[in-house]
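Novice: Build the 3D model from these lines:
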Amino acid sequence: ETRNGFFQAAAGGTIFLDEIGTAPQTVQTRLLRVLQEKEVMMVGSQKTQKIEVRVIAATNNDLYEMVQKGLFREDLYYRLNVVPLYIPPLRERRSEIPHLTHEFLKRFNEKYHKNKHFSRDAMAILTNAPWPGNIRELENLIERLVVTTPSSVISADNLPESVRKDTATVDAIEIKINKIIPLKEAQQEMENAMFEKALELFPNKSVAADVLGIHRTTFSRKINKPEE
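Specialist: Residues are numbered from 1 along each chain as shown. Next up, the predicted model:
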């Protein structure tokens with residue numbers, strides 16, 4: 001009995017190959033044949049069939065480095081590397097985290113018929129966390145928090161210890177004291193520096209205010225305050 005495979009099911013369209021870097025050598029060889037010959041063999045048959053399909057492959061691995069180590073076929077690498085797209089990790093796109101968080105929160109509130117929202121301190125921690133698992137890790141955590149948090153407000157105390165601990169090591173601020181000035185003046189300089197940094201990372205004032213843990217009106221008033 002013959003039956004269609006994934007490529008035949010995607011004929012005339014697009015097939016997405018996720019985590020291509022983990023594909024074993026046998027799969028790499030078969031994929032190379034499909035890309036080179038533009039033909040596939042039906043399961044249970046000895047006949048080949050021409051096929052037209054767009055292939056998109058994704059990986060977290062450095063395929064070029066894997067080629068150098070003999071772990072990935074060089075010919076397949078160049079076949080796939082026609083239009084390379086680099087997507088930076090989530091920790092390099094921190095300005096997107098609040099927007100993604102609100103989107104996931106809305107989705108899971110609707111799915112589980114909840115009305116949860118994050119406190120400002122929790123949002124600040126989420127925004128500054130390293131997220132080694134990128135968007136999937138963020139999405140999975142928000143779903144878990146929506147389901148397991150008993151109150152309507154998800155606070156910093158509800159976040160996993162691993163996230164809170166990792167956040168403490170992210171973008172640490174090193175303070176160097178070169179002169180002695182009045183404490184009030186020093187506090188003002190530090191505050192101004194924090195506001196500038198927040199706006200640099202998050203041009204949206206509402207997002208910057210959330211990350212700093214203050215109200216948007218307070219944030220706007222302070223950054224627009226004339227120098228004395």
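
Novice: Can you get me a residue count around Val207?
Specialist: 23 (other C-beta atoms under 10 Å). Backbone N, C-alpha and C define where each C-beta goes, glycine included.

Novice: and it, what does it touch?
Specialist: Counting by C-beta atoms under 8 Å, 6 or more residues apart in numbering, Val207 touches Ser95, Pro98, His99.

Novice: Just the buried residues of the helix or strand of the chain with the lowest mean pLDDT, please?
Specialist: Between all helices and strands in the chain, the lowest mean by mean pLDDT, DSSP states H and E belongs to helix 205-212, at a mean of 75. Neighbour counts over helix 205-212 (16 or more other C-beta atoms under 10 Å) mark Val207, Ala208, Ala209, Asp210, Val211, Leu212 as buried.

Novice: mind checking how far that helix is from the chain centre?
Specialist: 19 Å (C-alpha atoms, centre = their mean, to the nearest Å).

Novice: The residue lying closest to Arg33 once chain neighbours are set aside: what's it in contact with?
Specialist: Excluding its sequence neighbours, the residue lying closest to Arg33 (C-beta to C-beta, 6 or more residues apart in numbering) is Glu39, at 7.7 Å. Counting by C-beta under 8 Å, 6+ apart, Glu39 touches Arg33, Thr48, Gln49, Lys50, Ile51.

Novice: can you give me phi and psi for Glu39?
Specialist: For Glu39, the backbone dihedrals (degrees, to the nearest 10) come out as phi -150, psi 150.

Novice: what sits opposite it in the beta ladder?
Specialist: With beta bridges defined as DSSP bridges, Glu39 has these partners: Lys50.

Novice: Could you measure from it over to Lys205?
Specialist: 56 Å (C-beta to C-beta, to the nearest Å).

Novice: With Thr149 instead?
Specialist: On the measure of C-beta to C-beta, Thr149 and Lys205 end up 28 Å apart.

Novice: all helices of the protein, in order?
Specialist: With helices called from DSSP state H, the chain shows them at 6-9, 25-37, 63-68, 74-80, 97-112, 120-128, 134-148, 161-167, 183-201, 205-212, 216-223.

Novice: need these in JSON lines with distance to Val55, can you?
Specialist: Output for those, formatted as JSON lines (distance: least, C-beta to C-beta, whole Å):
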{"stretch": "helix 6-9", "distance to Val55": "9"}
{"stretch": "helix 25-37", "distance to Val55": "7"}
{"stretch": "helix 63-68", "distance to Val55": "14"}
{"stretch": "helix 74-80", "distance to Val55": "7"}
{"stretch": "helix 97-112", "distance to Val55": "27"}
{"stretch": "helix 120-128", "distance to Val55": "35"}
{"stretch": "helix 134-148", "distance to Val55": "22"}
{"stretch": "helix 161-167", "distance to Val55": "36"}
{"stretch": "helix 183-201", "distance to Val55": "36"}
{"stretch": "helix 205-212", "distance to Val55": "37"}
{"stretch": "helix 216-223", "distance to Val55": "46"}
